[in-house]
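Participant: One predicted model, sequence on top.
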Amino acid sequence: MTENQIETGSTANNGKSIDDQWSEAFSETQPAPQQSAAKPASFNTLKTESTGSVANLEMILDIPITISVEIGRTRMLVNDLLQLGQGTVVELEKLAGEPMEILVNGKLIARGEAVVVNEKFGVKLTDIVSPTERINKLK
């Protein structure tokens, strides 16, 4: 190899150096086409039915949710949990008479008190959580 070939790179079969081939390839490339200016998006207006929001509400009526009522909470070790037996009393963090919490998919939505109706337990809602309070609980 000559000293020139070492400095500029090896030569290809046609006698041109790699540097020459690259510069030739770059000179053959064409500039990218100019993009047109951005245009604002246009959306079709939504058609409202005569029933108004009732039609929109029907879309979500079949979504399953889980409602649970929490009377209290406690923390315990697994060893203590395994020791539980029939008749064991588990102390909860809530006091007697405090309202129970009604959760929808694990999120607090209301508070209430226990009632018995036709020999079945139920919950009488006493307080609905405001949207502001729900947002504050998420933080």
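Facilitator: Right, received. Where do you want to start? Keep in mind the model is a prediction, meaning the values are calculated, not measured.
Participant: use CA for all of it now, contacts and neighbours both
Facilitator: Noted.
Participant: Using just helix, strand and coil, how would you label F121?
Facilitator: Using DSSP: H, G, I helix; E, B strand; the rest coil, the structure places F121 in strand.
Participant: Quick check: closest non-adjacent residue to it.
Facilitator: V115 (5.8 Å; Cα to Cα, 6 or more residues apart in numbering).
Participant: quick one, phi/psi of that neighbour?
Facilitator: Main-chain dihedrals, V115, degrees, to the nearest 10: phi -140, psi 160.
Participant: Which residues does it form beta bridges with?
Facilitator: Beta-bridge partners for V115, by DSSP bridges, are G122.
Participant: can you check V104 too?
Facilitator: I67, K107.
Participant: From E119, how far off is it?
Facilitator: 24 Å (Cα to Cα, to the nearest Å).
Participant: More neighbours: which of the two?
Facilitator: Legend: neighbour count by other Cα atoms under 10 Å for V104 and E119, higher for V104 (14 against 7).
Participant: just checking, the more buried one touches E70?
Facilitator: No: taking contacts as Cα atoms under 8 Å, V104 lies outside contact range of E70: 11.0 Å.
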